[in-house]
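> can you look at this prediction? I've put the sequence above it.
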Amino acid sequence: MTIGLTVATVLVGYVSGVLIRRLILYVLTRVGFDEWFKKFAIGKAILRSGYSASEFFGLITSWIIYLTSFLLALTILTSSLNLITLSDTLYTIVSVYIVGFIKAFLIIITGFILTDTFIGYIYKSSELRSEIRLLTTVAEYLRIMIYLAVIVFALEQGGLSVHSLNILLVPIIWGLTIAMLIIILSQVIQQVAGK
């Protein structure tokens, strides 16, 4: 009985993963998601990896389903064998870490899209060529800072402790800030000297 339930869980997970992957690929391709998504930096990165956005999201979703069904099947099997500690550990992996990964993944994708949209508005706000040189430095600095904030927030919401990461990021952020200020000052000096 338990072996049958374990095998059924894996089979249902596999079939569900395949069907949902195909559904995501079909729907996202039909609505033009690939064209829209490649306007963003993360969309371009996914495209460079050899996948369209619809293929990528279908693949990620199917693998999450495969992994979840496999771990749930192992949970059922270990529970029936009275390996309670192992069963609880496997259930925790599913309920905390896989769910946390999904939350973090969705936050990162959404945050990166919103960041790219915001930076795009900054670029569009400038009409003068001299402003664009300064604006490019500031905009890209802001992009990096917001990306870092999104990643830290996503990891925190995903259930990971980010205290150590915050400590490591402080000198990086200061270094980027100093580099940005040096670049802006050199551009201002070049503009003033050129006039």
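That came through, no problem.
> got phi/psi on residue 160?
phi -100, psi 150 (degrees, to the nearest 10).
> same question for residue 49.
Taking degrees, to the nearest 10 as the convention, residue 49 sits at phi -80, psi -10.
> now swap in residue 161 and tell me
phi -80, psi 130.
> gap between it and residue 155?
Using Cβ to Cβ, to the nearest Å, one obtains 9 Å as the distance from residue 161 to residue 155. Every residue, glycine included, has its C-beta placed from N, CA and C.
> between those two, who's got more neighbours?
Counted by other Cβ atoms under 10 Å, residue 161 and residue 155 do not tie: residue 155 has more neighbours, with 18 against 9.
> for the residue nearest to that one when sequence neighbours are not counted, give me phi and psi.
Once flanking residues are discounted, residue 155 sits nearest to residue 162: 5.1 Å by Cβ to Cβ, 6 or more residues apart in numbering. For residue 162, the backbone dihedrals (degrees, to the nearest 10) come out as phi -110, psi 10.
> I figured residue 162 hits residue 152, correct?
Yes. If you go by Cβ atoms under 8 Å, residue 162 and residue 152 touch, sitting 5.2 Å apart.
> can you pull the contacts of residue 29?
52, 54 (Cβ atoms under 8 Å, 6 or more residues apart in numbering).
> again, only this time at 10 Å
35, 52-55, 58 (Cβ atoms under 10 Å, 6 or more residues apart in numbering).
> SS state for it?
helix (DSSP: H, G, I helix; E, B strand; the rest coil).
> how close does it sit to residue 98?
For residue 29, the distance to residue 98 equals 26 Å [Cβ to Cβ].
> got a winner among the contacts of residue 29 for most neighbours?
Counting by other Cβ under 10 Å, top hit in these: residue 58 with 24 neighbours.
> distance of it from residue 66?
Taking Cβ to Cβ, one finds residue 58 at 12 Å from residue 66.
> shared neighbours of these two, which are they?
Residues touching both residue 58 and residue 66 (Cβ under 10 Å, 6+ apart): 17-18, 21.
> is it possible to mark the buried ones in those?
By neighbour count, with 16 or more other Cβ atoms under 10 Å, those hold 17, 21 as buried.
> flag the shaky bits of this protein, pLDDT-wise.
Where the chain drops to pLDDT under 70, the residues are 126-133, 194-195.
> 80 instead?
Counting by pLDDT under 80, the chain shows low-confidence ranges at 1-2, 122-137, 160-163, 165-166, 183-184, 187-195.
> quick one: the helices in it?
Remark: helices assigned in the chain by DSSP state H are 2-30, 33-37, 41-48, 53-80, 84-92, 99-124, 129-157, 163-194.
> all good on my end, thank you.
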